[in-house]
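S.K.: Okay, here's the prediction I keep looking at, along with the sequence it came from:
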Amino acid sequence: MSLRAWALAVGALVAGPLATAADLTPPVGAATEPAPPWRFAGLPKQTQPATRFDIVALDGVRALRVEADHSYGTLLHPLPAGTAPGTLSWRAQVALPLPGADLTTRRGDDAALRVCALFDMPLGQVPLFERQLLRMASSRLGEALPTATLCYVWDATLPPGSVVISPYTRRVRSIVVHSPPGQWQTERHDLASDFLRVFGDEAQRVPPVTAILIGADADNTGSHSVARLSEIHHTAP
């Protein structure tokens, strides 16, 4: 996915009414679909199948089931303007890992689960070429676009804690997390320190967070994965 396609996709996600509180509304409600203000969005003019996000009962616990099958898709929860980075935590399980994934290449840039924070980094800190692409995309959409996205990505091959810059755009950078297939694991991350770790070459101050994203994709590898997430929280400092 090119930088321009990514920018248009994320812009479409962020557009719309904001949540009314800094803390996340749990995606797991009483219905079979994720509870608002979580909402689905894919790529502009997407031709590949959409990743499925369903609410299921599992061992007496309701969870968000994320299934990618040759597909792409995300859920996004907007946050109020000026939301401080704070702490992001969640409990998740990768039930069916993604074969053939390689986050360092375009052909393998898929993941069974991504949990991301979108940051409003000043556009002037973005390198010139990427800045111009973001401006063109923003003009087309009529919306300001996120300039930095930090993701936590499940990967079975890279060491946990590894930092990976997307092979499609430097505006998306990831930290690898890992757990054995089928094992529930709780993650808790300080967004400010992790932002400076991955974007410290461009920014010395941590900008506000505009949204939290949950995603999974298997369109590049043409494969199949299943993950589950039972809770997710954002706590402002």
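M.R.: All right, it came through fine.

S.K.: Residue 48 - nearest residue in space that isn't next to it in sequence?
M.R.: By the measure of C-beta to C-beta, 6 or more residues apart in numbering, the closest residue to residue 48 outside its immediate chain neighbours is residue 219, 4.5 Å from it. Any C-beta I mention is one placed from the backbone N, CA and C, and that applies to glycine too.

S.K.: Look up how far residue 106 lies from the one you found.
M.R.: For residue 219, the distance to residue 106 (C-beta to C-beta, to the nearest Å) stands at 11 Å.

S.K.: try residue 24
M.R.: Relative to residue 106, residue 24 is positioned 31 Å away (C-beta to C-beta).

S.K.: With residue 228 instead?
M.R.: 28 Å.

S.K.: Neighbour count: these two, which is higher?
M.R.: For residue 228 versus residue 106, neighbours defined as other C-beta atoms under 10 Å are more numerous around residue 228 (21 against 11).

S.K.: partners of the helix or strand harbouring that one, with directions?
M.R.: For residue 228, the enclosing helix or strand under DSSP states H and E is strand 224-235. Applying DSSP bridges, strand 224-235 is found paired with strand 61-69 (antiparallel), strand 87-96 (antiparallel).

S.K.: Point me to the residue sitting closest to the centre of this structure.
M.R.: For the chain, the residue nearest the mean C-alpha position is residue 116 (3.3 Å; C-alpha atoms, centre = their mean).

S.K.: Enumerate the sheet neighbours of the helix or strand harbouring that one, specifying parallel or antiparallel for every one.
M.R.: Using DSSP H and E, the element containing residue 116 is strand 111-119. Note on strand 111-119: by DSSP bridges, its sheet partners are strand 148-154 (antiparallel), strand 209-217 (antiparallel).

S.K.: got those strands as CSV, with mean neighbour count and distance to residue 29 columns?
M.R.: Putting the strands paired with strand 111-119 into CSV (neighbours: other C-beta atoms under 10 Å; distance: least, C-beta to C-beta, whole Å) gives the following:
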stretch, mean neighbour count, distance to residue 29
strand 148-154, 24, 23
strand 209-217, 25, 15
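
S.K.: closest one to residue 73 among those?
M.R.: Closest approach to residue 73 among these (C-beta to C-beta): strand 209-217, 6.7 Å.

S.K.: show me what contacts the residue nearest to the centre of the chain?
M.R.: Taking C-beta atoms under 8 Å, 6 or more residues apart in numbering, we find residue 116 in contact with 149, 150, 151, 152, 172, 212, 213, 214, 215.

S.K.: could I get those residues as a markdown table with distance to residue 90 and pLDDT?
M.R.: Putting the contacts of residue 116 into a markdown table (distance: C-beta to C-beta, whole Å; pLDDT from 0 to 100) gives the following:
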| residue | distance to residue 90 | pLDDT |
| --- | --- | --- |
| 149 | 17 | 94 |
| 150 | 14 | 97 |
| 151 | 13 | 97 |
| 152 | 9 | 98 |
| 172 | 19 | 92 |
| 212 | 9 | 94 |
| 213 | 12 | 95 |
| 214 | 8 | 96 |
| 215 | 13 | 95 |
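
S.K.: ok, the residues you listed vs residue 32, which is closest?
M.R.: Nearest to residue 32, judged by C-beta to C-beta, of those is residue 214 at 16.6 Å.

S.K.: gap between the residue lying closest to the closest one once chain neighbours are set aside and residue 186?
M.R.: Sequence neighbours aside, residue 75 is the residue nearest to residue 214 in space, at 4.6 Å (criterion: C-beta to C-beta, 6+ apart). To residue 186, residue 75 is 19 Å away according to C-beta to C-beta.
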